[in-house]
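>>> Need a 3D model of the following:
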Amino acid sequence: WRLEVDLHDGLPEPPFVVASNHFSFLDALLIGSVLRQKVRFLALVDLFGNYPWLDFSLTAFDVIPIKRGVVPLGPVRAALSHLHDGGAVGLFPEGTRHHTFDARRTRPGAAWLAARAGIPLVPVAVTGTNRVLGVDNRLRAGRVRVTIGKPLSAYGTDRGAVDELMTRWASWVSEGLGPA
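Just a heads-up that it's a prediction; the model follows:
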């Protein structure tokens, strides 16, 4: 497959939070590679134990495991600590892989983390991974594009500021992905 990269307006120095749509297991790998630095992604504990290659990858990339359906205090502390140490943390606000992007499925965790830490949110749109290695987990040839947008900042730390940042991110991703 072929990889295309669009980097708009440069990338800030870490710490920052990366937020991307999520079509494929390839997304985190591609984003980390394109950014050319370690990004610790939050990953569902459910992902472990299904595919040996995925277990190896999740461990090698030092993901922050998170349980579905519980308040993630431990993972939030780990993410904030990594950001405090000057690192980058990645999240998929949709929470899981989907065939298409839908802003109504997003959750505010990435925006909250960026607002709470007082750092930029780097928006990322990944296209083509749903055809190359989609939800069906079948590998195919195709074109993949990773678009990295201008960093976004929250205008405060309250719920309204977090929601507004999440809305700006979702709008940017929707535009970056183009028509469904």
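
>>> Wait, Ala79 touches Ile64, no?
Yes: assessed by CB atoms under 8 Å, Ala79 is found in contact with Ile64 at 5.8 Å. (C-beta placed from N, C-alpha, C; glycine too.)

>>> can you tell me which residues contact Ile31?
18, 20, 39, 90, 124, 126, 146 (CB atoms under 8 Å, 6 or more residues apart in numbering).

>>> Tell me which residues of the longest helix along the chain come out buried.
If you go by DSSP state H, the chain has its longest helix at helix 159-177. Buried residues in helix 159-177, counting neighbours by 16 or more other CB atoms under 10 Å, are found at 161-162, 164-166, 168-170, 172-174, 176-177.

>>> Same check on stretch 59-67?
So stretch 59-67, judged by 16+ other CB under 10 Å, has buried residues 61, 63-66.

>>> ditto for stretch 73-87
75-76, 78-79, 82-83, 87.

>>> Can you tell me what sits against that stretch?
Contacts for stretch 73-87 (CB under 8 Å, 6+ apart): 14-15, 17, 38, 40, 42, 64-66, 88-89, 113, 116-117, 119.

>>> Just the C-alphas of it, formatted as PDB.
What follows is stretch 73-87, C-alpha atoms only, in PDB (Å, rounded to 0.1, in the frame of the first residue of the first chain):
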ATOM      1  CA  LEU A  73      -8.600   7.100  37.000                       C
ATOM      2  CA  GLY A  74      -5.400   5.000  36.700                       C
ATOM      3  CA  PRO A  75      -5.100   5.500  32.900                       C
ATOM      4  CA  VAL A  76      -5.900   9.200  33.300                       C
ATOM      5  CA  ARG A  77      -3.100   9.600  35.900                       C
ATOM      6  CA  ALA A  78      -0.700   7.700  33.600                       C
ATOM      7  CA  ALA A  79      -1.500   9.900  30.600                       C
ATOM      8  CA  LEU A  80      -1.200  13.100  32.600                       C
ATOM      9  CA  SER A  81       2.100  11.900  34.100                       C
ATOM     10  CA  HIS A  82       3.400  11.100  30.600                       C
ATOM     11  CA  LEU A  83       2.400  14.600  29.400                       C
ATOM     12  CA  HIS A  84       3.900  16.200  32.500                       C
ATOM     13  CA  ASP A  85       7.200  14.400  31.600                       C
ATOM     14  CA  GLY A  86       7.100  16.000  28.100                       C
ATOM     15  CA  GLY A  87       5.500  13.100  26.100                       C
END
